[in-house]
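>>> turn this into a model:
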Amino acid sequence: MTLHRPIHADAKTTLETEVLNLRQRLAKAHRILTAGGIWPLTKGHVSARIPGTDKVLILGHIHSEGRSLIDTDVDDIVTVDIEGNWLEGRIEPVDERFLHLEIMKARPDITSVVHAHPTYATAFGIAGVNILPVGNRGAIFAPQVPILDFDRQIDTPERGRMVRDAIGDGMALVLKNHGVAVCGDSIENAVIATFSLEETAQLHWIAAQLGTVQKISTGEVRSVLTGARKEEFYSHVWGHYARLDPWESTAPSDGHASQR
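I've put the predicted structure just below:
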């Protein structure tokens with residue numbers, strides 16, 4: 001006699017496999033951003049929406065254990081619902097989860113958010129100067145990166161909505177004296193956009209020492225943000241950043257930038 005497994009069991013297995021894959025990629029993102037120097041003292045976090053659910057994966061508060069994010073593993077990733085309630089995981093989620101969740105509530109196109117404290121981008125917020133889209137990695141930030149004039153932790157839904165309103169439909173936001181928020185339609189693309197923001201801020205600062213800073217032309221911005229060039233902006237550079245992962249230093253690029 002042939003035994004048939006219930007359809008819902010297969011669906012559950014598929015979801016569990018997908019969530020494990022997300023956890024692995026999310027842990028990797030934390031290690032890469034740490035190795036790349038994007039968050040001083042390795043303080044920051046990345047989130048990922050679980051497709052088809054109201055749940056989000058985010059870093060647990062591993063700093064309470066005195067650990068560095070360079071060692072982030074799948075067991076350090078916890079699950080919350082879209083309202084911020086802790087559902088699963090061995091350790092409490094980071095307090096600033098509301099920065100991630102309020103953006104995701106308003107932006108169905110966003111599946112991953114990074115909160116980091118990169119030096120140059122943060123300095124622009126302190127000075128009250130908007131980062132402009134300059135260089136070949138700056139187009140995604142056109143017409144400029146807004147600044148939220150609020151320097152406290154985003155640890156309540158109300159404060160999360162301040163971030164949501166300030167970032168609008170943009171890809172990045174500078175929080176005055178408190179780092180940045182960066183969005184992506186995949187974990188990998190959010191990581192790439194975070195590196196791109198800091199690279200753009202550095203280039204803007206250097207150019208300002210030499211003369212007038214000139215933004216990328218509108219035509220070039222449109223070209224980069226559409227079609228094949230948008231895919232090229234992300235997927236073609238993922239291998240460069242993936243190699244920063246100390247756990248994967250000898251492994252070939254896995255091309256995750258094109259995954260959704």
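>>> what segments of this structure are strands?
45-49, 55-59, 77-81, 86-88, 112-116, 147-148, 172-175, 180-184 (DSSP state E).
>>> quick one: low-confidence parts of the stretch 51-200 of the chain?
Filtered on pLDDT under 70, the stretch 51-200 of the chain yields no residues whatsoever.
>>> try 90 this time
Scanning the stretch 51-200 of the chain for pLDDT under 90 picks out the ranges 63-67, 136, 151.
>>> what is the neighbour count of residue 194?
32 (other C-beta atoms under 10 Å). In short, each C-beta sits where N, CA and C put it, glycine included.
>>> quick one: closest of the strands of the chain to residue 39.
Of all these, it is strand 112-116 that lies closest to residue 39, at 4.7 Å by C-beta to C-beta.
>>> how about the CA coordinates for that closest one, as PDB?
Output in PDB follows, covering the C-alpha atoms of strand 112-116 (Å, rounded to 0.1, in the frame of the first residue of the first chain):
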ATOM      1  CA  SER A 112      15.500  43.300   4.400                       C
ATOM      2  CA  VAL A 113      16.700  46.300   6.400                       C
ATOM      3  CA  VAL A 114      20.100  47.100   7.800                       C
ATOM      4  CA  HIS A 115      20.800  49.400  10.800                       C
ATOM      5  CA  ALA A 116      24.500  50.300  11.000                       C
END
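>>> quick one: the strands of the chain as JSON lines, columns for mean neighbour count and distance to residue 24 too.
JSON lines is the format used below for the strands of the chain (neighbours: other C-beta atoms under 10 Å; distance: least, C-beta to C-beta, whole Å):
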{"stretch": "strand 45-49", "mean neighbour count": "27", "distance to residue 24": "11"}
{"stretch": "strand 55-59", "mean neighbour count": "24", "distance to residue 24": "11"}
{"stretch": "strand 77-81", "mean neighbour count": "21", "distance to residue 24": "9"}
{"stretch": "strand 86-88", "mean neighbour count": "13", "distance to residue 24": "16"}
{"stretch": "strand 112-116", "mean neighbour count": "28", "distance to residue 24": "14"}
{"stretch": "strand 147-148", "mean neighbour count": "20", "distance to residue 24": "32"}
{"stretch": "strand 172-175", "mean neighbour count": "26", "distance to residue 24": "25"}
{"stretch": "strand 180-184", "mean neighbour count": "28", "distance to residue 24": "17"}
